[in-house]
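Engineer: one predicted model, sequence on top.
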Amino acid sequence: AYGAQGLWYYNYRISGEGYDEAMVTDVDWKPTESYHRIQKLNFGILAISSLLMKLKSVGVFHCPNDLEFLPEFTRPYFDGAIRDITQLQATDILISEFRDVNAETSCVYVMLVNKRHAADTTRDASELQASIALRVTEDFMIERINNATGAAETLTPDDRELSLTLGGGDRALLRLTPQD
């Protein structure tokens, strides 16, 4: 949600105490619980990495729940904070606005990230879902960039309103293109 200036990787295995489930493999080189989650994330990043590298983050906002403390130097979302989005209903998400630095279009990219993540395995997957409803100012073609393939999929908003649900830790990258 904060943008990308580059992509890097980490070691699969580090010897020593305290690295157990944070690592991708255990001491016997068997996948840990983190392995498949990180594998899925890596495939998704690879699929959209060329697009992410062309985008510049111009704003990141938190949509906290009522009990959440906002980290220092972060901003809460308010309606109108992102150009062309007049209303947003969501909690426990990050919302970011991006611009394509190489294009001369007026497209706006918006990334939504569900801050409820799968690391809390005591909760049912349905409890980790985040429902999001947003309203845009005018007629836009709204596309969701597929996390697995990087392909744009056209969404059909209902009277300039779009609703979607993100699973725990999931993200959605949207491209809003004004219709002439």
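Structural biologist: Done, it's in. Numbers count the residues shown, from 1 in each chain.
Engineer: which parts of this structure are helices?
Structural biologist: Using DSSP state H, the helices found in the chain span residues 33-52, 125-128.
Engineer: check what pLDDT Val60 gets.
Structural biologist: As predicted, Val60 sits at a pLDDT of 90.
Engineer: and the one 5 residues further on, by the same measure?
Structural biologist: The predicted structure scores Asn65 at 72 on the pLDDT scale.
Engineer: then Asn11?
Structural biologist: For Asn11, the model assigns a pLDDT of 53.
Engineer: still on that earlier bit, so which of the helices of the chain is nearest Phe98?
Structural biologist: In terms of Cβ to Cβ, the element of the helices of the chain nearest to Phe98 is helix 33-52, at 8.4 Å. From N, CA and C alone the C-beta is placed, and that goes for glycine too.
Engineer: spatially nearest residue to Ser131, not counting backbone neighbours?
Structural biologist: Thr165 (5.3 Å; Cβ to Cβ, 6 or more residues apart in numbering).
Engineer: separation between the one you found and Ile93?
Structural biologist: Thr165 sits at a distance of 11 Å from Ile93 (criterion: Cβ to Cβ, to the nearest Å).
Engineer: ok, these two, which is more surrounded?
Structural biologist: A direct count of neighbours by other Cβ atoms under 10 Å for Thr165 and Ile93 places Ile93 higher, at 25 against 12.
Engineer: tell me the contacts of the more buried one?
Structural biologist: Contacts for Ile93 were tallied using Cβ atoms under 8 Å, 6 or more residues apart in numbering; they are His62, Cys63, Leu112, Val113, Asn114, Lys115, Ala130, Ile132, Leu166.
Engineer: out of those residues, who's nearest Ser106?
Structural biologist: For those, the nearest to Ser106 is Leu112 (20.3 Å; Cβ to Cβ).
Engineer: which residue, other than its chain neighbours, is closest to that closest one?
Structural biologist: Nearest to Leu112 is Ala172, by Cβ to Cβ, 6+ apart, at 4.8 Å.
Engineer: what sits against the one you found?
Structural biologist: Applying Cβ under 8 Å, 6+ apart, the residues near Ala172 are Met111, Leu112, Ile132, Arg144, Asn147, Leu164, Leu166.
Engineer: returning to that earlier point: which one, of the helices of the chain, ends up nearest to Ile82?
Structural biologist: helix 33-52 (17.6 Å).
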